[in-house]
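Student: Here's my sequence, what's the structure:
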Amino acid sequence: MTRVIVHAGYHKTGTTSLQDFMAANRETLAPVLAYYGKMEFLGAGADARIYAQRPYPWRLARFRRSLRKFLKSIPDHELIVLSRETFSGGMPGHHQVGGALMTSYFGPSLKLAHAIIAELRRRFGESVEITFFYTTRAREAWIRSVYGHLLRSIRLTEDFETFRGHFPALASPAEEAQRMAGALAPIPVAIAALEDWGHTAEGPAGALLDLARVPGDLRARLTPVARANEGQTPEIQAAFLDLNRQAMSKSALREAKAALIDAGRSGN
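Tutor: This is a model prediction of the structure:
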C-alpha cells in the first residue's frame, strides 16, 4: 500500500528551508521515501496558486489535470512526499480577481485538498494512505514576514500598520491548519510549528522526517542546509517601500530591489 504525505503549506512558515533540506538529501532518503518539491511540479503548483486568485471551477479542473499528469509521470514508491505551499492556495495579502483582498487560506485550500485526495486515489488506488502536513508560525511574526515578502515581490505601497489593519480577525496558520484538520477528517492532518523546529539542525524538515518515520541511523547521514529566505532588515524593507511608491517600470523596480538585496548580502 502506498503512503503519501502532502506538505501543503503554509507560506512563510519555513517551507523553503524544509524543501531545500529534502531536495539536498533526496538521494540519501531515497531508500525510504520519494521526495518531490516545487521544482518537480511547477505546473500544478502554479495552477493551484492561480486558482486561489481566480477561483473558477475550470481553474480547479486545470489544477487537477496538471497534478494528474505529474502523478502519472512518477514511479511507485512505498512512501511519497509532496511539498508545495501553493497547495493551500495563495498567500494572504494578494488580491483575487476583481480586487478582493485574500485574507484566509481556507476556502481555496479545502477545495484544493479535496482535488489532491481525488487525484492521489485515482493514481494509487482507494487504499492509498494520505496524510496532510502543515507547517505553522505564530500569527504576528507570520504576518510581518508576509508583509516583508510582499514588499519585495509586488508593488505594495502601504506601511505595515496600514497593511495589518486589513486583517483585524486574521487567523494564524495554526488556526488555519486546525480548521483544515476538522474539514478533512478522517484524513489525518499533522501540524508542526516553526518555533519548535527552526532552531534545530534539520529545521522544520525534522517534523516531516518524524512523520515519515525515517530511522535515526539514516537521519544521522543527512546534510544540513543554510536557512532560506531570511527576512530583510528594517532598513531594506523601508527602501523597498520607498521604491514601490515611485513611478518606475516593473523591470526597473525589480532591478532596483535586486540591487538592494545584493548590497545587503555583500554587507553581511
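
Student: the helices in this structure, which residues?
Tutor: For the chain, applying DSSP state H gives helices covering 15-24, 26-29, 42-53, 57-73, 106-124, 139-153, 160-164, 173-184, 194-197, 205-211, 216-219, 234-244, 250-267.

Student: quick one: which of those is nearest residue 88?
Tutor: helix 106-124 (4.3 Å; C-beta to C-beta). (Each C-beta comes from the backbone N, C-alpha and C, glycine too.)

Student: got a list of contacts for that closest one?
Tutor: 2, 4, 6, 8-9, 48, 51-52, 55, 60, 63-64, 67-68, 71-72, 76, 87-90, 128, 130, 132, 171, 176, 179-180, 183-184, 187 (C-beta atoms under 8 Å, 6 or more residues apart in numbering).

Student: Show me how far that helix is from its chain's centre.
Tutor: Its chain's C-alpha centre and that of helix 106-124 lie 16 Å apart, by C-alpha atoms, centre = their mean, to the nearest Å.

Student: could I have it exported to CSV, CA atoms only?
Tutor: Extracted C-alpha coordinates of helix 106-124, given in CSV (Å, rounded to 0.1, in the frame of the first residue of the first chain):
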residue,chain,number,x,y,z
PHE,A,106,-9.4,28.1,4.0
GLY,A,107,-11.9,28.2,1.0
PRO,A,108,-9.5,27.5,-1.8
SER,A,109,-7.3,25.4,0.4
LEU,A,110,-10.1,22.9,1.2
LYS,A,111,-11.1,22.6,-2.4
LEU,A,112,-7.5,22.1,-3.5
ALA,A,113,-7.1,19.4,-0.8
HIS,A,114,-10.1,17.5,-2.0
ALA,A,115,-8.8,17.7,-5.5
ILE,A,116,-5.4,16.3,-4.3
ILE,A,117,-7.1,13.5,-2.4
ALA,A,118,-9.1,12.5,-5.5
GLU,A,119,-6.1,12.5,-7.8
LEU,A,120,-4.0,10.5,-5.3
ARG,A,121,-6.7,7.9,-5.1
ARG,A,122,-7.0,7.9,-8.9
ARG,A,123,-3.3,7.2,-9.3
PHE,A,124,-2.6,4.9,-6.3
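
Student: Next, the buried residues of that helix.
Tutor: Judged by neighbour count (16 or more other C-beta atoms under 10 Å), helix 106-124 contains these buried residues: 106, 108-113, 115-117, 119-120, 123-124.

Student: cool, and stretch 14-32?
Tutor: 14-25, 29.

Student: What mean pLDDT does that stretch get?
Tutor: If you average the pLDDT over stretch 14-32, you get 96.

Student: any idea which strand is longest in this protein?
Tutor: strand 129-136 (DSSP state E).
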